[in-house]
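Student: Pasting a predicted model and its sequence here:
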Amino acid sequence: MKQINRKFFQRLGALMFLAYLSVSYALAQSSSGIDQATTEINSYVDPVSNLIIAIGAVVGLIGGVRVYIKWQSGDQDTQKAIMGWFGACLFLILVGVVIKAFFA
């Protein structure tokens with residue numbers, strides 16, 4: 001009976017050791033994959049952030065022209081238009097800056 005228990009525990013120990021090795025190998029692979037994904041995402045941050053800031057600048061220019069046209073035509077709602085366009089422009093520029101700061 002002792003011989004059977006000893007062999008059982010030896011096999012169980014060997015099986016647990018193999019399970020430990022396979023789990024540690026899988027974790028090592030996943031950490032290298034995470035590192036590779038992090039590097040790839042960081043390579044996209046600067047171009048995307050610059051693109052968002054450029055879109056914010058274009059929105060600001062378009063908004064300025066549209067507000068000027070409204071103002072010249074004598075529209076009473078120019079202040080609302082100014083706030084809307086300025087808010088959109090400010091939002092886009094801040095998103096670009098925050099993305100750079102968050103991933104830097």
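Tutor: Structure received.
Student: In the chain, what residue spans correspond to helices?
Tutor: Taking DSSP state H, the helices of the chain run over residues 2-72, 78-103.
Student: weakest of the ones you listed in terms of mean pLDDT?
Tutor: Among the helices of the chain, helix 2-72 carries the lowest mean pLDDT, at a mean of 82.
Student: So which other helices or strands are in contact with that one?
Tutor: Taking 3 or more CB pairs under 8 Å, 6 or more residues apart in numbering; DSSP states H and E as the contact definition, the neighbouring helices and strands of helix 2-72 are helix 78-103. For every residue, glycine as well, the C-beta is placed using N, CA and C.
Student: May I see the buried residues of the helix it packs on?
Tutor: Judged by neighbour count (16 or more other CB atoms under 10 Å), helix 78-103 contains these buried residues: Thr78, Ala81, Ile82, Trp85, Ala88, Cys89, Leu92, Ile93, Gly96, Ile99, Lys100.
Student: likewise stretch 53-68?
Tutor: Neighbour-count burial for stretch 53-68, counted by 16+ other CB under 10 Å, picks out Ile53, Ile55, Gly56, Val59, Gly60, Gly63, Val67.
Student: Gly74: which of those is nearest?
Tutor: Of all the buried residues of stretch 53-68, Val67 has the smallest distance to Gly74: 13.1 Å, by CB to CB.
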